[in-house]
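Q: coords please:
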Amino acid sequence: MLLPILRRALPCAVSLRRSFHVSAPRLRIFDPVRSEDELNTLLMLSTSRRLPLITLWSASWCASCHTIRPLVQQLVDEQARRGLLFGFAEIEIDLSSTASLASLYSITSIPTILAFNRGSVLSDRIVDARKAKDGRYLTLWLHECATAR
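A: Residues are numbered from 1 along each chain as shown. Next up, the predicted model:
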């Protein structure tokens, strides 16, 4: 009698497990955001866990975005090992389901790195690709985001 219920619940549990992976204790690196609902869910998760959410706004055709993504992920992982925990998600704005998000958060160029803390956008954002590729600048920026609590 319990087996049919578990079988119905399993696909949901598998999809939830697939939506993020743990790269360090309590650190979350999420799959790319492809809808407004997904971003709202991540904002609620980061708020409930009291973790800033770092977002990389990108497009599939953006070469700089492909270069910056692994660098930002690596820095977020390094900061986690040092005790500063964040969530990280990439938001692909070249999809029709996310185009409204770009205007909602005033994303005028890509790549843009934007931080959320407690559900609110932090005022400092990185829009210059040269700064986004500078590991030292990004590390200082992440520290500022962590202390903006």
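
Q: helix, strand or coil for the residue most central in space within the chain?
A: Nearest to the geometric centre of the chain sits Ala89, at 2.0 Å (C-alpha atoms, centre = their mean). Secondary structure assignment for Ala89 (DSSP: H, G, I helix; E, B strand; the rest coil): strand.

Q: okay, now the closest residue to it other than its chain neighbours: neighbour count?
A: In this structure, Ala89 finds its nearest non-sequential neighbour in Phe30, 4.2 Å apart by C-beta to C-beta, 6 or more residues apart in numbering. All C-beta atoms are positioned from the backbone trio N, CA, C, and that covers glycine. In terms of burial, Phe30 registers 21 neighbours under the definition other C-beta atoms under 10 Å.

Q: and Phe30, how far from Gln79?
A: With distances taken as C-beta to C-beta, to the nearest Å, Phe30 is found 16 Å from Gln79.

Q: related to what we said a few turns ago, surely the residue nearest to Ala89 and Ile91 touch.
A: No: in this structure Phe30 lies outside contact range of Ile91 using C-beta atoms under 8 Å: 9.9 Å.

Q: check contacts around the nearest residue to Ala59 once chain neighbours are set aside.
A: Of all residues not flanking Ala59 in the chain, Asp94 sits nearest, at 3.9 Å (C-beta to C-beta, 6+ apart). The contact partners of Asp94, by C-beta atoms under 8 Å, 6 or more residues apart in numbering, come to Ala59, Ser60, Trp61.

Q: quick one: contacts of the helix ranked longest in the chain?
A: If you go by DSSP state H, the chain has its longest helix at helix 63-81. Residues outside helix 63-81 that contact it (C-beta under 8 Å, 6+ apart): 23-25, 27, 29, 54, 56, 58-59, 85-86, 88, 90, 110-111, 113, 129, 132-133, 135, 138-139, 142-143, 146.

Q: tally of neighbours for Leu122?
A: Neighbour count for Leu122, taken as other C-beta under 10 Å: 17.

Q: what about the residue nearest to Ala89, distance to Gln73?
A: 11 Å.

Q: which neighbours do the two have in common?
A: Common contacts of Phe30 and Gln73 (C-beta under 8 Å, 6+ apart): Phe88.
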